[in-house]
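Q: Everything below, folded, please.
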Amino acid sequence: MSGGTEIPVRVTKVTSVAHRIKRFRFERLDGMPMPYFSGGAHVIVSMNDDGHIRRNAYSLMSPPHDCAAYEVSVLHVEDSRGGSAFMHEKVSEGDELKVSFPVNLFQPDWRGRKHLLIAGGIGITPFIAMMEQFSRESANFELHYAVRSRDRGAYCEELAARYGSHRVKIYCDAEENYIPITRLLDSQPLGTHLYVCGPSGMINGVLKAGLEAGWPEQNLHCERFLSSQPGKPFSIKLTRSGKTVHVGHHESMLEAIEAAGVDAPFLCRGGACGQCETAVAACEGKLLHHDVYLTDEEKTSGRKVMICVSRFEGNTLHLDL
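A: Next comes the predicted model:
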């Protein structure tokens, strides 16, 4: 089965919030409340781009207790594969889209005595709903938010005003002001949980610093949505459906399989959740694994592949779909 039932929605508000970042508000067409979600959750937005269905994951940033609508923020990615460009260039107030039911792969650990949030760029979005939830539950938290420049810093002033400068710290690369990761990690009370979301390099650096500082691995949490990388076109044989699917230069295996009319599983579409893990029936060539879900041993075995972000180079690839 695929990502599940979709909810038809109308775009009721579009707001430019920073350089190349827009906020979109979605309300159900049937007037019913949106499903409840918890801080850190995301939805898949389905976009009909002249008959080509694009599906992107976006973190929910509206208050979790408010089911009147969902809100997401979208960065217009340079060299976009289509999703962010579509949202920025083709979506206006009044348009109709579809969104999935919310899924949370970035749940706060409520056992934490304190919650330390590290955000970079558009990685701020899951923390906005999370902080709202922490505040309502009177949980101890603080945010450290790095932006490239002030004009790219979405929600900096609003967050500082809402939660206070003692809990929200803003850092700007253009001003050579950087998050003091080592000092932060060394100064937290026992039982603190750390959450990081942002560019991959930042996430990797923070997690590595945490482990080197002696933090338990179970106290370190991250969220990253990867995108399928462009590459050489190739073909896949689907053993159960009997179809041969061609994967284009800028297309993921999952997208090509869906376009061929085959229902493939997914939740995040970003190489993190494991839902689209697919068995490899035959492989004559090289699987290019780009996910963060499979272990190194699983990738080396060549028996599994995450079809949302990975690619293939070679002569023959048969998948159990």
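
Q: Determine the number of other residues adjacent to Glu277.
A: Per other CB atoms under 10 Å, the neighbour tally for Glu277 reads 16. For glycine as for every other residue, the C-beta is placed from the backbone atoms N, C-alpha and C.

Q: Let me see the contact set for it.
A: Going by CB atoms under 8 Å, 6 or more residues apart in numbering, Glu277 touches 293-294, 304-306.

Q: distance of Leu105 from Gly191?
A: Distance of Leu105 to Gly191, computed by CB to CB, to the nearest Å: 23 Å.

Q: how about the strands in the stretch 201-321 of the chain?
A: For the stretch 201-321 of the chain, the strands defined by DSSP state E, counting those that start in this stretch occupy 220-223, 234-238, 244-247, 277-288, 304-306, 311-319.

Q: Single out the most deeply packed of these.
A: Stretch with highest mean neighbour count among those: strand 304-306 (a mean of 25; mean count of other CB atoms under 10 Å).

Q: partners of that strand in the sheet?
A: Sheet pairing for strand 304-306, assigned by DSSP bridges, gives strand 277-288 (antiparallel).

Q: Next, the angle strand 234-238 makes with the partner strand.
A: Put simply, strand 277-288 runs at 150 degrees to strand 234-238, going by axes from the mean of the first three to the mean of the last three CA atoms, to 10 degrees.

Q: Please save the CA atoms from strand 277-288 in CSV.
A: Listed in CSV are the C-alpha atoms of strand 277-288, where the atom choice follows Å, rounded to 0.1, in the frame of the first residue of the first chain:
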residue,chain,number,x,y,z
GLU,A,277,12.3,-0.6,1.5
THR,A,278,12.1,-3.0,-1.5
ALA,A,279,13.6,-6.4,-2.0
VAL,A,280,16.0,-6.8,-4.9
ALA,A,281,15.3,-9.9,-6.9
ALA,A,282,18.2,-9.5,-9.4
CYS,A,283,21.0,-7.0,-9.8
GLU,A,284,23.6,-6.9,-12.5
GLY,A,285,25.3,-3.6,-11.8
LYS,A,286,25.7,-1.2,-8.9
LEU,A,287,23.0,0.1,-6.5
LEU,A,288,23.6,3.7,-5.5
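
Q: Report the mean confidence score over that strand.
A: Mean pLDDT, strand 277-288: 96.

Q: Can you check what angle separates that strand from strand 311-319?
A: Strand 277-288 runs at 140 degrees relative to strand 311-319, counting by the same axes, to 10 degrees.

Q: where's strand 277-288 relative to the chain centroid, distance-wise?
A: Relative to the centre of its chain, strand 277-288 is centred 25 Å away, using CA atoms, centre = their mean, to the nearest Å.

Q: what sits against the nearest residue to Met34 once chain neighbours are set aside?
A: Closest residue to Met34 apart from its sequence neighbours, by CB to CB, 6 or more residues apart in numbering: Cys67 at 4.7 Å. Shown in contact with Cys67 (CB under 8 Å, 6+ apart): 33-36.

Q: His221 pairs with what?
A: Going by DSSP bridges, His221 forms beta bridges with Tyr195.

Q: quick one: low-confidence parts of this protein?
A: 1-4, 80 (pLDDT under 70).

Q: Which segments of it make up each domain?
A: Domain ranges of the chain: 6-104, 114-223, 234-319, per automatic domain parsing.

Q: Endpoint to endpoint, the longest one covers what distance?
A: Which is domain 114-223. For domain 114-223, the first-to-last residue distance is 19 Å (CA to CA, to the nearest Å).

Q: ditto for the last one
A: From its first residue to its last, domain 234-319 covers 13 Å (CA to CA).

Q: Could you list every helix and strand in contact with the host helix or strand of Ile7?
A: Per DSSP states H and E, Ile7 falls inside strand 6-18. When contacts are defined as 3 or more CB pairs under 8 Å, 6 or more residues apart in numbering; DSSP states H and E, strand 6-18 sits against strand 21-28, strand 96-100.

Q: Alpha carbons of it, as CSV, please.
A: Once non-C-alpha atoms are left out, strand 6-18 reads as follows in CSV (Å, rounded to 0.1, in the frame of the first residue of the first chain):
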residue,chain,number,x,y,z
GLU,A,6,-5.3,11.7,1.0
ILE,A,7,-7.3,14.7,2.2
PRO,A,8,-8.5,17.2,-0.4
VAL,A,9,-7.6,20.7,0.7
ARG,A,10,-7.8,24.3,-0.4
VAL,A,11,-4.9,26.8,-0.1
THR,A,12,-6.5,29.6,1.9
LYS,A,13,-3.4,31.7,2.5
VAL,A,14,0.1,32.1,1.0
THR,A,15,2.6,34.3,2.8
SER,A,16,6.2,35.2,1.9
VAL,A,17,8.1,34.9,5.2
ALA,A,18,11.7,35.2,4.1
